[in-house]
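Student: Generate a structure from the sequence data that follows.
(3 chains)
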Amino acid sequence: MQDYLLPLNEQQREAVLYTEGALMIVAGAGSGKTKVLTTRIGHLINNGVDSFRILALTFTNKAAKEMKERIEHMLGNSEARNLYIGTFHSVFSRILRVEAERLGYPNNFTIYDTDDAKSVLKNIIKEQNLDEKIYKVAYVFNRISASKNNLYTYKEYQADHAAQQEDARSNRPLIGQLFEAYSKRCFKNGAMDFDDLLVNMYILLTNFPEVLAKYQHKFRYVMIDEYQDTNLAQYHIIKLLGAVHENICVVGDDAQSIYSFRGASMENIFQFQKDYDDVKIIKLEQNYRSSKTILDAANQVITNNKNQIKKELWTDKAAGEKIKLVGTFTDNDEGKFVADAIIEHKLRNHYKNKDFAILYRTNAQSRAFEESLRRLNINYKIFGGLSFYQRKEVKDYVAYLRILVNTQDEESLRRIINYPARGIGTTTINKISFEAQTQNKTFWEILLEAQSIGFKGATLTAIQDFVLMIRNVQGMLEKKNAYEIAFEIGKVSGIVKDLHADKTVEGLARYENLQELQNSIKEYTETPTEDGEVVERSLGAYLQQITLLTDANENEEDGDTVKLMTIHASKGLEFPCVFVVGLEENIFPSSMSMYDREDLEEERRLFYVAITRAKEKVWISFASNRYRFGSLIQNEPSRFIDELPTQLVDANLSSKPKKQNPFAGPSKPASPSSADKTIQQKKVFSSASTTHVASANFKEDDTSGLEVGMQVEHQRFGFGNVTSLEGAIANKIATIDFGTMGEKKIMLNYAKLRIVRG
DNA sequence: TGCGCAGGTGTTTTT
DNA sequence: CACCTGCGCA
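Tutor: Below is the predicted model of the structure:
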């Protein structure tokens, strides 16, 4: 047996060796999925399959990169470089770049990210004089995007009864019309948005049989990672590409399907089994990542979902530590708690920063953790959020670069035609745009004939100077490399100078970002041609790939930093210690996804994903008060907390301030003398003072047995009567009437209360 | 044309 | 809170 098969278990080995025909690998969390995929590809190459004929599609650049590196390592040569491994979007854009002209696009078509696309759409909504309050860009864009992911063109959308009805119902009957205008505008701009990369790939394969044949023949083996996250467009493309050889291997886990908002459908898993005569199904059920406690908790949580494929994930690892549950008063306290816990565990167990991850539901939650980590000098890195390429100054620079290779791109032109300010204002821009639309010419073409359009004086000169500047740099495209061109346009456009002049801290950072962009182009330009393959290092090729890149420096992740990211972004990763934070109703599950079974189950799968990232330790935390939109809001602890098996959860809090164990039984109540009680009561209730001075005999009591009607003392609020109790085991909240101090909701986990009378 | 200010509005999740 | 938009003014 080849030695690379030795470390595999029976099912893994079977999956590697089953190379011909349709194969579906149902791979539970941490079951060695990537190992199987990479070994499988390595095995194919080892057995004489030409690496150029293997296609592997992933969802993230990171996953693609990791697979490529692992295969390279396994083979010990550079064969892996020839593999087609990448995200759906990047592989398709690479193919579309070659075939673009068949579809009427320029080869140097621009790829619009979501911000660009929304900006185009917004202009169209304005042009059509629609009410932007009703036709909200985000809403309209989502409708269009969802349609495209289901392979609906605007024509089909307009003809679709259900879609029309839905839009009529939501009082937005003109979305079909906007869809049409948007599609036509993007086409005119020589641009594709993310969804177009899929749609156009599909159109290419269905409308051009010779192209279909070419790629069907080329890719003898097709592998799809994270198959549960594919949408309808992706499903059909996969099916088309694999139809000749039918050597299709998909790997997925229904329990980790968390992208339905992007059109992903678990239905594709079931459909796959029907599409081929003889589908082999292999289940990988042994988890090699997490402790038994962690795995059992995750398994238990997921049983609350109705829709799932039966599978039993097990481990032979030891139970390990219990999951730690922590409730704090505010989101800032939650941040402090996590930072403290990291310090403590680093000291106690020799963990490093990089052994910790903080996972949250929404990007906005990162703030409190950033602050607390910074305060304790813990190095961290945030993934996601605003990426390098989404920054304004970088987008401006990129817009210039885009115009150099694709003058059709109106969106980019609009962006930079008056930045830095050169006297071409909104009035002028609107006029140019209007002329472009009515004469059915591109924005750029109108600029070229500015004089005959009727522009005069300073405006005309400004336009002509702008055109001349762009053309001059364009003239260098053949002679100079991408970096030299980028440097030149940065200089002559004045953007580099403009930011250099800004001496504020932010201005300096922006200037540095421009330099970093230049460096990245330089690096790209200078990367040597890979052996065997002719690699294009043009500006056009550079631009194409960066829009699909999530972040500028994904590769320098190995620093010793605590990782902060959304749970979505954490999929596929693993860490020794994981903090899953913000476990509150309305946050997690999100308020957007609580009122529908399917949505809620997806939130639960998300929770499952979060827990199963951890190898050794899991903390779960929630805050009862949190800043949102500037004001403090209160949330109940998440229902998911109650779904954790209590015997696997430790609610003992190791951090200060010392808190009660909500799972602990009743305790010895303190019994103050009745004399004390009367005096203190009088004092508090007759005083208008806002600060209460705690009684001399103040002593924190166990409040787990607190009941309505009891009288208590709070250090700051004074004496009060318990009027109601709510909340789950982990987090009881008492409403207490403190008389002049008003009625307060008090979290018993946190607050120090003395029971005055039971 | 550009800037400053008031007012409104938004937060899932991502290629 | 933080960002964006629209408006009024110089």
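Student: which intervals of the stretch 401-550 of chain A have sub-threshold pLDDT?
Tutor: For the stretch 401-550 of chain A, applying pLDDT under 70 flags the ranges A:528-536, A:550.
Student: Contact residues of it facing DNA strand B?
Tutor: For the stretch 401-550 of chain A, the residues in contact with DNA strand B (Cβ under 7 Å from any atom of the strand) are A:Asn418, A:Ala421, A:Gly423, A:Ile424, A:Gly425, A:Thr426, A:Thr427, A:Thr428, A:Thr459, A:Leu548, A:Thr550. The C-beta positions use only the backbone N, C-alpha and C, and glycine is treated the same way.
Student: quick one: which of those residues is nearest to A:Val405?
Tutor: Nearest to A:Val405 among these, counting by Cβ to Cβ, is A:Leu548 at 16.1 Å.
Student: ok, the closest one touching A:Ser90?
Tutor: Yes. Taking Cβ atoms under 8 Å as the definition, A:Leu548 is a contact partner of A:Ser90 at 4.9 Å.
Student: Skipping adjacent residues, who's closest to the closest residue to DNA strand B within the stretch 101-250 of chain A in space?
Tutor: The stretch 101-250 of chain A approaches DNA strand B most closely through A:Phe194 (4.1 Å), counting by Cβ to the nearest atom of the strand. Closest residue in space to A:Phe194, ignoring its immediate chain neighbours: A:His89 at 6.1 Å, by Cβ to Cβ, 6 or more residues apart in numbering.
Student: So the one you found belongs to a helix, correct?
Tutor: Yes. Counting by DSSP: H, G, I helix; E, B strand; the rest coil, one finds A:His89 located in a helix.
Student: That one is in contact with A:Leu197, isn't it?
Tutor: Yes. Taking contacts as Cβ under 8 Å, A:His89 lies within contact range of A:Leu197: 5.1 Å.
Student: With neighbour numbers in mind, choose between those two.
Tutor: Just comparing A:His89 and A:Leu197: by other Cβ atoms under 10 Å the higher neighbour count belongs to A:Leu197, 25 against 21.
Student: List the contacts of the more buried one.
Tutor: A:Phe88, A:His89, A:Phe92, A:Ser93, A:Leu96, A:Ile111 (Cβ atoms under 8 Å, 6 or more residues apart in numbering).
Student: Of those, which are in range of DNA strand B?
Tutor: A:Phe88, A:His89.
Student: Give me the secondary structure label for A:Leu205.
Tutor: Look at A:Leu205: counting by three-state DSSP, its state is helix.
Student: so it touches A:Val211, yeah?
Tutor: Yes. Using Cβ under 8 Å, A:Leu205 is in contact with A:Val211, at 6.5 Å.
Student: Looking at these two, which is more packed in?
Tutor: A:Leu205 (23 against 17).
Student: phi, psi of the closest residue to DNA strand C within chain A?
Tutor: Nearest residue of chain A to DNA strand C, counting by Cβ to the nearest atom of the strand: A:Gly630, 2.3 Å away. Backbone geometry at A:Gly630, expressed as degrees, to the nearest 10, gives phi 90, psi -10.
Student: Likewise for the one 4 residues further on?
Tutor: Backbone torsions for A:Gln634, taken as degrees, to the nearest 10, come to phi -110, psi 140.
Student: doesn't A:Asn625 make contact with it?
Tutor: Yes. Counting by Cβ under 8 Å, A:Asn625 is a contact partner of A:Gln634 at 5.6 Å.
Student: more neighbours, these two?
Tutor: Counted by other Cβ under 10 Å, A:Gln634 and A:Asn625 do not tie: A:Asn625 has more neighbours, with 19 against 14.
Student: Next, A:Ile25: secondary structure please.
Tutor: strand.
Student: ok, and the closest non-adjacent residue to it?
Tutor: In space, A:Ile25 is closest to A:Val251, 4.4 Å off (Cβ to Cβ, 6+ apart).
Student: what do you get for A:Val338?
Tutor: Per Cβ to Cβ, 6+ apart, closest to A:Val338 is A:Phe579, 5.2 Å.
Student: which residues pair with the one you found across the strands?
Tutor: A:Ile358, A:Trp619 (DSSP bridges).
Student: what residues are up against it?
Tutor: Taking Cβ under 8 Å, 6+ apart, one finds A:Val338, A:Ala341, A:Phe356, A:Ala357, A:Ile358, A:Leu359, A:Val618, A:Trp619, A:Ile620, A:Ser621 in contact with A:Phe579.
Student: Spit out the contact partners of the fourth one.
Tutor: Yep, that's A:Ala357 we're talking about. A:Ala357 neighbours (Cβ under 8 Å, 6+ apart): A:Val562, A:Lys563, A:Leu564, A:Met565, A:Ser570, A:Leu573, A:Phe575, A:Cys577, A:Val578, A:Phe579, A:Arg613.
Student: With distance to A:Thr723 as extra columns, can I get the residues you listed in CSV?
Tutor: What follows is those, written out as CSV (distance: Cβ to Cβ, whole Å):
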residue, distance to A:Thr723
A:Val562, 42
A:Lys563, 44
A:Leu564, 40
A:Met565, 41
A:Ser570, 42
A:Leu573, 46
A:Phe575, 43
A:Cys577, 40
A:Val578, 38
A:Phe579, 34
A:Arg613, 41
